[in-house]
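**Q** fold the following for me, if possible:
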Amino acid sequence: LSAASFQETTRVLTDAAIKGKRDDLLGLKENVIIGKLIPAGTGMRRYSDIQYDKATAPVTETSEEVETIE
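**A** Numbers count the residues shown, from 1 in each chain. Take a look at the predicted model:
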């Protein structure tokens, strides 16, 4: 798919189809072309599977913590 973006697109895609080539879309450019989430950033996989529990009370800061931060 990456090769098709800057070469003769129809020729590259036709040749790939005839030869049964497979693109696992592991690169940044391939994912940008098809509009998928790009494999970039630190900890991407770690944060993609986080589930949020709405029943859990939100974390609030006390005034002492805010003063310490400032």
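**Q** can you list the weak-confidence ranges in this protein?
**A** For the chain, applying pLDDT under 70 flags the ranges 1-7, 39, 41-48, 56-70.
**Q** now the strands for it?
**A** Using DSSP state E, no strands are found in the chain.
**Q** tell me where it has helices.
**A** Along the chain, counting by DSSP state H, helices occupy 9-19, 28-34, 44-48, 63-69.
**Q** which helices and strands sit right next to the second one?
**A** To tie it back to what came earlier, the one meant is helix 28-34. If you count contacts as 3 or more CB pairs under 8 Å, 6 or more residues apart in numbering; DSSP states H and E, helix 28-34 packs onto no helix or strand. Backbone N, C-alpha and C define where each C-beta goes, glycine included.
**Q** now that helix: buried residues?
**A** Buried residues in helix 28-34, defined by neighbour count with 16 or more other CB atoms under 10 Å: 30-31.
**Q** could you do the longest one as well?
**A** Of the residues in helix 9-19, those with enough neighbours to count as buried (16+ other CB under 10 Å) are residue 12.
**Q** can I get it as CSV, trimmed to CA atoms?
**A** The C-alpha trace of helix 9-19 is given here as CSV (Å, rounded to 0.1, in the frame of the first residue of the first chain):
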residue,chain,number,x,y,z
THR,A,9,-1.0,3.4,-8.2
THR,A,10,-3.0,1.1,-10.5
ARG,A,11,0.1,-0.8,-11.7
VAL,A,12,1.3,-1.4,-8.1
LEU,A,13,-2.1,-2.5,-6.8
THR,A,14,-2.7,-4.7,-9.8
ASP,A,15,0.7,-6.3,-9.5
ALA,A,16,0.2,-6.9,-5.8
ALA,A,17,-3.3,-8.5,-6.4
ILE,A,18,-2.0,-10.8,-9.1
LYS,A,19,0.9,-12.0,-6.9
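**Q** surely residue 37 and residue 30 touch.
**A** No. With contacts counted by CB atoms under 8 Å, residue 37 stays clear of residue 30, the gap being 11.9 Å.
**Q** show me the contacts for residue 53.
**A** For residue 53, no contacting residues are found, by CB atoms under 8 Å, 6 or more residues apart in numbering.
**Q** pop out the phi and psi values for it.
**A** Taking degrees, to the nearest 10, you get phi -100, psi 110 for the backbone angles of residue 53.
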